[in-house]
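A.B. asks: I'll drop the sequence and a predicted model, then ask my questions.
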Amino acid sequence: MKQQNKFSGIILLGFGLFFFAMRMDIALMQPYLTWPTLVIVIGIALLMQAGSGKDLVSLFSGVFLVGLGIHFHAISKIASWPNPLQMITLLTGIAFLVQYKKAKDGLIPGLLLTLLSLWFIFFNSNTPSMQNIFAKVEDFWPIILMVLGAYLIFFRKK
(Lines give C-alpha, C1' and ligand atoms only; values in the text may rest on other atoms or scores of the structure.)
Protein backbone atom coordinates (compact mmCIF):
# COMPACT_ATOMS: atom_id res chain seq x y z
CA MET A 1 0.00 0.00 0.00
CA LYS A 2 2.86 2.34 0.79
CA GLN A 3 4.28 1.85 -2.73
CA GLN A 4 0.93 2.80 -4.27
CA ASN A 5 0.85 5.99 -2.16
CA LYS A 6 4.34 6.92 -3.34
CA PHE A 7 3.42 6.33 -6.99
CA SER A 8 0.20 8.36 -6.64
CA GLY A 9 2.08 11.13 -4.86
CA ILE A 10 4.67 11.38 -7.61
CA ILE A 11 1.95 11.46 -10.28
CA LEU A 12 0.01 14.18 -8.46
CA LEU A 13 3.17 16.22 -7.79
CA GLY A 14 4.29 15.95 -11.42
CA PHE A 15 0.87 16.84 -12.83
CA GLY A 16 0.56 19.69 -10.33
CA LEU A 17 3.93 21.11 -11.42
CA PHE A 18 2.88 20.71 -15.06
CA PHE A 19 -0.37 22.63 -14.63
CA PHE A 20 1.28 25.22 -12.36
CA ALA A 21 3.85 25.90 -15.10
CA MET A 22 0.98 26.30 -17.59
CA ARG A 23 -0.72 28.84 -15.31
CA MET A 24 2.49 30.80 -14.77
CA ASP A 25 2.77 31.21 -18.55
CA ILE A 26 6.58 31.15 -18.68
CA ALA A 27 7.57 31.55 -22.32
CA LEU A 28 10.68 29.38 -21.98
CA MET A 29 8.61 26.40 -20.79
CA GLN A 30 5.68 26.70 -23.21
CA PRO A 31 7.10 24.36 -25.90
CA TYR A 32 7.40 21.60 -23.28
CA LEU A 33 3.94 21.92 -21.75
CA THR A 34 2.37 19.31 -24.01
CA TRP A 35 1.12 15.76 -23.62
CA PRO A 36 4.59 14.15 -24.09
CA THR A 37 5.65 15.86 -20.87
CA LEU A 38 2.79 14.15 -19.04
CA VAL A 39 3.95 10.82 -20.50
CA ILE A 40 7.43 11.56 -19.13
CA VAL A 41 5.94 12.37 -15.70
CA ILE A 42 4.13 9.01 -15.63
CA GLY A 43 7.32 7.24 -16.74
CA ILE A 44 9.37 8.94 -14.02
CA ALA A 45 6.77 7.93 -11.43
CA LEU A 46 7.02 4.32 -12.59
CA LEU A 47 10.84 4.46 -12.50
CA MET A 48 10.82 5.89 -8.99
CA GLN A 49 8.37 3.19 -7.88
CA ALA A 50 10.62 0.51 -9.38
CA GLY A 51 13.71 2.05 -7.79
CA SER A 52 12.27 2.37 -4.32
CA GLY A 53 11.15 -1.23 -3.94
CA LYS A 54 11.06 -4.62 -5.51
CA ASP A 55 8.48 -3.64 -8.15
CA LEU A 56 10.55 -4.46 -11.22
CA VAL A 57 7.44 -4.67 -13.41
CA SER A 58 7.30 -0.87 -13.39
CA LEU A 59 10.88 -0.60 -14.61
CA PHE A 60 10.12 -1.68 -18.18
CA SER A 61 7.07 0.60 -18.44
CA GLY A 62 8.90 3.54 -16.89
CA VAL A 63 11.86 3.35 -19.26
CA PHE A 64 9.54 2.97 -22.24
CA LEU A 65 7.28 5.90 -21.30
CA VAL A 66 10.13 8.29 -20.50
CA GLY A 67 11.75 7.41 -23.82
CA LEU A 68 8.45 7.78 -25.67
CA GLY A 69 7.87 11.23 -24.19
CA ILE A 70 11.39 12.32 -25.11
CA HIS A 71 10.87 10.92 -28.61
CA PHE A 72 7.71 12.95 -29.20
CA HIS A 73 9.40 16.11 -27.95
CA ALA A 74 12.45 15.50 -30.14
CA ILE A 75 10.56 14.57 -33.31
CA SER A 76 9.15 18.11 -33.56
CA LYS A 77 12.47 19.83 -32.81
CA ILE A 78 15.13 17.73 -34.59
CA ALA A 79 14.71 17.36 -38.35
CA SER A 80 16.82 14.21 -38.67
CA TRP A 81 15.13 12.38 -35.77
CA PRO A 82 14.27 8.75 -36.66
CA ASN A 83 10.69 7.82 -37.51
CA PRO A 84 8.34 6.51 -34.79
CA LEU A 85 8.52 2.82 -35.75
CA GLN A 86 12.32 2.79 -35.46
CA MET A 87 12.27 4.65 -32.16
CA ILE A 88 9.50 2.58 -30.58
CA THR A 89 11.40 -0.59 -31.48
CA LEU A 90 14.59 0.92 -30.04
CA LEU A 91 12.83 2.03 -26.84
CA THR A 92 11.35 -1.42 -26.37
CA GLY A 93 14.79 -2.98 -26.80
CA ILE A 94 16.37 -0.54 -24.34
CA ALA A 95 13.57 -1.18 -21.83
CA PHE A 96 14.22 -4.93 -22.10
CA LEU A 97 17.95 -4.37 -21.55
CA VAL A 98 17.34 -2.21 -18.47
CA GLN A 99 14.95 -4.87 -17.18
CA TYR A 100 17.61 -7.50 -17.79
CA LYS A 101 20.13 -5.53 -15.75
CA LYS A 102 17.83 -5.56 -12.70
CA ALA A 103 15.75 -8.73 -13.10
CA LYS A 104 18.03 -10.90 -15.28
CA ASP A 105 15.21 -11.38 -17.79
CA GLY A 106 14.78 -10.08 -21.34
CA LEU A 107 18.34 -10.08 -22.68
CA ILE A 108 17.64 -11.79 -26.03
CA PRO A 109 14.60 -9.69 -27.02
CA GLY A 110 16.41 -6.57 -25.81
CA LEU A 111 19.48 -7.23 -27.91
CA LEU A 112 17.48 -8.24 -30.98
CA LEU A 113 15.16 -5.24 -30.90
CA THR A 114 17.96 -2.79 -30.12
CA LEU A 115 20.25 -4.09 -32.86
CA LEU A 116 17.40 -4.28 -35.37
CA SER A 117 16.32 -0.70 -34.76
CA LEU A 118 19.90 0.60 -34.77
CA TRP A 119 20.37 -1.16 -38.10
CA PHE A 120 17.28 0.57 -39.53
CA ILE A 121 18.25 3.95 -38.05
CA PHE A 122 21.90 4.10 -39.12
CA PHE A 123 22.30 1.80 -42.10
CA ASN A 124 19.12 2.41 -44.07
CA SER A 125 20.72 4.40 -46.86
CA ASN A 126 19.27 5.49 -50.17
CA THR A 127 21.68 3.57 -52.39
CA PRO A 128 19.90 1.12 -54.74
CA SER A 129 21.72 -1.99 -53.45
CA MET A 130 20.91 -1.12 -49.82
CA GLN A 131 17.29 -0.42 -50.73
CA ASN A 132 17.00 -3.92 -52.22
CA ILE A 133 18.43 -5.49 -49.07
CA PHE A 134 16.12 -3.47 -46.85
CA ALA A 135 13.09 -4.25 -49.00
CA LYS A 136 13.74 -7.95 -48.45
CA VAL A 137 14.50 -7.62 -44.74
CA GLU A 138 11.49 -5.39 -44.08
CA ASP A 139 9.22 -8.08 -45.54
CA PHE A 140 10.43 -10.74 -43.11
CA TRP A 141 11.41 -9.05 -39.85
CA PRO A 142 7.88 -8.98 -38.39
CA ILE A 143 7.63 -12.73 -39.01
CA ILE A 144 11.04 -13.30 -37.42
CA LEU A 145 9.99 -11.29 -34.36
CA MET A 146 6.74 -13.27 -34.06
CA VAL A 147 8.58 -16.60 -34.30
CA LEU A 148 11.12 -15.52 -31.65
CA GLY A 149 8.30 -14.30 -29.40
CA ALA A 150 6.39 -17.57 -29.78
CA TYR A 151 9.58 -19.50 -29.02
CA LEU A 152 10.14 -17.51 -25.82
CA ILE A 153 6.51 -17.97 -24.74
CA PHE A 154 5.93 -21.63 -25.57
CA PHE A 155 9.25 -23.46 -25.80
CA ARG A 156 11.84 -21.77 -23.61
CA LYS A 157 11.79 -23.05 -20.04
CA LYS A 158 13.60 -21.37 -17.16
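C.D. replies: Yep, it's here.
A.B. asks: make it CA atoms for all contacts and neighbour counts henceforth
C.D. replies: OK.
A.B. asks: so what does the helix or strand Phe20 falls within touch, helix or strand wise?
C.D. replies: Assessed by DSSP states H and E, Phe20 sits inside helix 2-24. Applying 3 or more C-alpha pairs under 8 Å, 6 or more residues apart in numbering; DSSP states H and E, one finds that helix 2-24 contacts helix 35-52.
A.B. asks: related to what we said a few turns ago, how distant is the helix holding Phe20 from the center of its chain?
C.D. replies: 21 Å (C-alpha atoms, centre = their mean, to the nearest Å).
A.B. asks: Find the centremost residue of this structure, please.
C.D. replies: Phe64 (2.8 Å; C-alpha atoms, centre = their mean).
A.B. asks: Between helix 35-52 and the helix or strand harbouring it, find me the angle.
C.D. replies: If you go by DSSP H and E, Phe64 is part of helix 57-75. In terms of direction (axes from the mean of the first three to the mean of the last three C-alpha atoms, to 10 degrees), helix 57-75 departs from helix 35-52 by 150 degrees.
A.B. asks: so what pLDDT did the residue nearest to the centre of the chain get?
C.D. replies: Note on Phe64: pLDDT of 95.
A.B. asks: on that earlier part again, list the buried residues for the helix holding Phe20?
C.D. replies: Lys6, Phe7, Ser8, Ile10, Ile11, Gly14, Phe15, Phe18, Ala21, Met22 (16 or more other C-alpha atoms under 10 Å).
A.B. asks: Quick check: the fifth one touching Ala45?
C.D. replies: Going back to what we said before, that points to Ile11. Yes - applying C-alpha atoms under 8 Å as the test, Ile11 and Ala45 come out as touching, 6.1 Å apart.
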